[in-house]
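Undergrad: Here is my input; please provide its structure:
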Amino acid sequence: MLGTVLIHTLLFGMLILVGFSTPPAPESEEGILVNFGTGETGIGDIEPSPPAFREESQAPPVKEIITPSSSKSVSKTKEDPLLTQNTEEAPAVKKPDPEAVKKKLERIEADKKIKEQLEAERVERNRKEAEEKKIAAEQKRESDIMNRTKNALANSQNRGTSSTGEGVAGGPGNQGDPNGSIYSKVRGTGSGLGTQGTGTGGPGGTGGISYSLQGRGFQALPSPKYDYQGEGRVVVEVSVDRSGKVVQATPGTKGSTTLDEYLLKVAKEAALEARFEVKQDAPAIQKGFITYNFKLK
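TA: Here you go, the predicted model:
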C-alpha cells in the first residue's frame, strides 16, 4: 500500500509539472505561389513575353452612294425642314373688365373709410368715458375730503352736547349748505320760511331755493312755475358746464321729502333754466344740487 501510494503521488506530480501545450501559431501564414497565365492550358518552361500593344484601327469611312432616288429624297428633305416647337403654347388669358376692377377698388376704399370712422368713434367714446370717470373720481375724492373735515370739525364743536340738528326752517336735520362752514349762522341762499327767509324764496308757492355748486355762484335761479296744492322739498341734481349752463337735471334725489310727479316736473324745468357763474378752470361737467321747498298757498 505504501508503494502504491508513493507511485501514484509521483505520477500525479509529473502530471502537474509536465503538461500538453499548443505550439505557437506562425507569425504570417504562407500560401502557394501560382504562375501567371492567361488560360487554363499550356506547355513549356519559359514564360512567354506579353503581346505588343496595338492601337485599334479605325474603320475607313464609308462612302455614300447617292442614287437618283436617294438624291430626290435628300433634296426633298432639304427643301422641307422638320418643324419643331421648343415652348408650349400659353393658354389664352382673359382680360379683366376695367369697370369691374374700378367698382371693386371703390368698394374696398369705402370699406376702409367705414372702418376708419368706426375706429375713430370707438377711440372718442373711450376718451369721453375715461374723462367722465376721472371727473367723477376727482369729485368723489374732494367730497370725501370735505365730508371728513366737516365731520371732524362738527364732532369737535358738539362734543359733550346732545344736539341732533340745527337751523331755523323747522323740522329735523342740519340746515345749511354742504359747502358752508359750521361756524356760520347764515343758512344758505335758500334758508328761511317762505317770504320770511334769507334765501331766494318768495311769492309763488316756494318756501325757498338753495343750491350747492362748489366754488361757483349763481346768475339766475328762477322759481318753479306751478299752480298746485302740494308741498314738500325737491332736491334736483344738476350737471353744469364751464359756461354755467345746466345741461342735465335729475329731480327727486337724496334729501327730497316728496315724490309728487307734478312737483318733480316743475322743479326739473326750473333747474334747467338756472344759470351759474362762468368758470373756465372748472371740470367739464360739474355736479351740484338745487333744492326747492314747496309750501301750500
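
Undergrad: okay, Leu296: pLDDT?
TA: Turning to Leu296, the model gives it a pLDDT of 73.

Undergrad: For the residue nearest to it when sequence neighbours are not counted, give me the backbone phi and psi.
TA: Spatial nearest neighbour of Leu296, chain neighbours left out: Glu231 (5.0 Å); criterion: CB to CB, 6 or more residues apart in numbering. Quick note: C-beta positions are derived from backbone N, CA and C, even for glycine. Main-chain dihedrals, Glu231, degrees, to the nearest 10: phi -140, psi 170.

Undergrad: Glu231 contacts Asp260, doesn't it?
TA: No. Applying CB atoms under 8 Å as the test, Glu231 and Asp260 come out as separate, 9.0 Å apart.

Undergrad: Using PDB, write down the CA coordinates of stretch 214-227.
TA: What follows is stretch 214-227, C-alpha atoms only, in PDB (Å, rounded to 0.1, in the frame of the first residue of the first chain):
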ATOM      1  CA  GLN A 214     -68.700 124.100  -5.100                       C
ATOM      2  CA  GLY A 215     -66.700 127.300  -5.800                       C
ATOM      3  CA  ARG A 216     -69.300 128.900  -8.100                       C
ATOM      4  CA  GLY A 217     -72.100 131.400  -7.500                       C
ATOM      5  CA  PHE A 218     -75.400 131.700  -9.400                       C
ATOM      6  CA  GLN A 219     -76.500 134.200 -12.000                       C
ATOM      7  CA  ALA A 220     -80.200 133.100 -12.100                       C
ATOM      8  CA  LEU A 221     -82.300 130.700 -10.000                       C
ATOM      9  CA  PRO A 222     -85.800 131.000 -11.400                       C
ATOM     10  CA  SER A 223     -88.700 129.800  -9.200                       C
ATOM     11  CA  PRO A 224     -90.800 126.900 -10.400                       C
ATOM     12  CA  LYS A 225     -94.000 127.900 -12.300                       C
ATOM     13  CA  TYR A 226     -96.900 126.000 -10.900                       C
ATOM     14  CA  ASP A 227    -100.400 126.200  -9.600                       C
END
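
Undergrad: Flag every buried residue along it.
TA: Across stretch 214-227, burial judged by 16 or more other CB atoms under 10 Å covers Arg216, Phe218, Leu221, Ser223, Pro224, Tyr226.

Undergrad: And for stretch 288-297?
TA: Within stretch 288-297, the residues scored as buried using 16+ other CB under 10 Å are Gly288, Phe289, Ile290, Thr291, Tyr292, Asn293, Phe294, Lys295.

Undergrad: And the closest residue to the second one other than its chain neighbours, how far from Glu47?
TA: Nearest in space to Phe289, with sequence neighbours left out and distances taken as CB to CB, 6+ apart, is Ser212 at 4.6 Å. Separation of Ser212 from Glu47 (CB to CB, to the nearest Å) stands at 138 Å.

Undergrad: ok, now Arg148?
TA: Distance of Arg148 to Glu47, given as CB to CB: 130 Å.

Undergrad: shaky segments in the stretch 101-250 of the chain?
TA: Low-confidence segments of the stretch 101-250 of the chain (pLDDT under 70): 149-173, 175-207.

Undergrad: Work out for me the element Tyr211 sits within.
TA: Assigned by DSSP states H and E, Tyr211 falls within strand 206-212.

Undergrad: next one: Ser239
TA: Counting by DSSP H and E, Ser239 is part of strand 232-240.

Undergrad: Tell me where this structure has strands.
TA: Taking DSSP state E, the strands of the chain run over residues 206-212, 218-220, 232-240, 246-251, 275-276, 286-294.

Undergrad: Of those strands, which is nearest Ala25?
TA: strand 286-294 (114.6 Å; CB to CB).

Undergrad: strands paired with the closest one, and their directions?
TA: Strand 286-294 pairs in its sheet with strand 206-212 (antiparallel), strand 232-240 (antiparallel), by DSSP bridges.

Undergrad: So for Arg125, which of these sits nearest?
TA: strand 232-240 (18.7 Å).

Undergrad: How about the contacts made by Gly244?
TA: Arg216, Gln219, Arg275, Phe276, Glu277, Val278, Lys279 (CB atoms under 8 Å, 6 or more residues apart in numbering).
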